[in-house]
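# Pasted the sequence and its predicted model underneath.
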Amino acid sequence: MRLEPLYQRDREQAKEEGRQEGKENLILRLLNRRIDEIDASLIGRIKGLSIEQLENLGEALLNFSSVADLETWLNQQSI
């Protein structure tokens, strides 16, 4: 059995998880700056987003002025 394909798959998965975590952290920092502190329940919902949803949130947050805007956006994502 060759271990190289398994190693490559694990490496790609780790790379994707790293991208996800990096995007989550950036979005959370931007949200904290834009609308102040975000509670743990909203942070959990944001961490449940896909990479595509995080990218969409990154664009949408530019129009947010309150936590209510974030909650509305998250509710529209069916999370």
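Alright, I've got the coordinates.
# Could you check how sure the model is about stretch 7-20, as an average pLDDT?
Mean pLDDT, stretch 7-20: 84.
# so how far is that stretch from its chain's centroid?
16 Å (CA atoms, centre = their mean, to the nearest Å).
# Output the longest helix belonging to this protein.
helix 4-35 (DSSP state H).
# Mind giving me the packing neighbours of whatever helix or strand comes next after it?
Per DSSP states H and E, the first helix or strand lying C-terminal to helix 4-35 is helix 40-47. Under the contact criterion of 3 or more CB pairs under 8 Å, 6 or more residues apart in numbering; DSSP states H and E, helix 40-47 touches helix 4-35, helix 67-76. The way it works is simple: take the backbone N, C-alpha and C, and place the C-beta from them, glycine included.
# Point out where this structure drops to low pLDDT.
1-3, 6, 78-79 (pLDDT under 70).
# Which residue is the nearest non-sequential neighbour of I43?
Counting by CB to CB, 6 or more residues apart in numbering, I43 lies nearest to L28, which is 6.5 Å off, once chain neighbours are set aside.
# Now for that neighbour: which residues touch it?
Residues near L28 by CB atoms under 8 Å, 6 or more residues apart in numbering: I38, I43, I46.
# I'd like those laid out as CSV, including neighbour count.
Formatted as CSV, the contacts of L28 follow (neighbours: other CB atoms under 10 Å):
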residue, neighbour count
I38, 16
I43, 14
I46, 20
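# hmm, back to that, can the helices and strands packed on helix 40-47 go into JSON lines with extra columns for distance to E52?
Formatted as JSON lines, those follow (distance: least, CB to CB, whole Å):
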{"stretch": "helix 4-35", "distance to E52": "10"}
{"stretch": "helix 67-76", "distance to E52": "14"}
